[in-house]
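> no sequence for this one, just the structure:
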């Protein structure tokens, strides 16, 4: 009986350590930069997403190189199971358009798409890499 106890006790610390590691959430804080292509276009648009941790959630801004999105605050932010969802507003054709984004954290990149909330069905793919 002593032999079994002697073999188990040195490894007993792994149980609480594994519980701590399993509970750690991925932190996506920082500046993310990448490109998007609008549907029906071949023009690339550079996108910057800045994320800050706010308690259990995130806040931040999104902007693009074409000037359609100028440091727009992101809203309704959810990050669960490596899936990031948020909404923002873009200026298209002189009017404000509500947008949504759905991105998945995969191999250190946020990969997904954006789309309008309206019936215009405008959308584009989006892939971002953290720079800071």
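Sure thing, it's come through. Given the structure is predicted, the values throughout are model-derived calculations rather than measurements.
> How many neighbouring residues does the spatially closest residue to residue 98 that is not a sequence neighbour have?
Distance criterion C-beta to C-beta, 6 or more residues apart in numbering; nearest residue to residue 98, sequence neighbours excluded, is residue 117 at 4.1 Å. C-beta here means a position set from N, CA and C on the backbone, and glycine is covered the same way. By other C-beta atoms under 10 Å, the residues close to residue 117 number 11.
> you'd agree residue 50 is up against residue 29?
No. With contacts counted by C-beta atoms under 8 Å, residue 50 stays clear of residue 29, the gap being 9.3 Å.
> Those two: who's more crowded?
residue 50 (17 against 14).
> Grab the most central residue of this structure for me.
Centroid-nearest residue in the chain, with C-alpha atoms, centre = their mean: residue 84, separated by 4.1 Å.
> Doesn't that one belong to a strand?
Yes. With DSSP: H, G, I helix; E, B strand; the rest coil as the criterion, residue 84 is part of a strand.
> And stretch 64-78, what's buried?
64, 68, 69, 72, 74, 77 (16 or more other C-beta atoms under 10 Å).
> While we're on the third one, how confident is the model there?
Think residue 69. Note for residue 69: predicted pLDDT of 88.
> try the fifth one
Confidence at residue 74, expressed as pLDDT, is 97.
> residue contacts, the nearest residue to it once chain neighbours are set aside?
Spatially, and ignoring its direct neighbours in sequence, residue 74 is nearest to residue 86 (4.2 Å; C-beta to C-beta, 6+ apart). Neighbouring residues of residue 86 by C-beta atoms under 8 Å, 6 or more residues apart in numbering: 74, 75, 76, 77, 78, 100, 101.
> Let's see which of those residues end up in helices.
Judged by DSSP state H, the contacts of residue 86 include no members of helices.
> picking up where we left off before, from the buried residues of stretch 64-78, which is closest to residue 106?
Nearest to residue 106 among these: residue 77, at 18.7 Å, using C-beta to C-beta.
> Count the neighbours of residue 90 for me.
Using other C-beta under 10 Å, residue 90 is surrounded by 20 other residues.
> Understood, closing this out.
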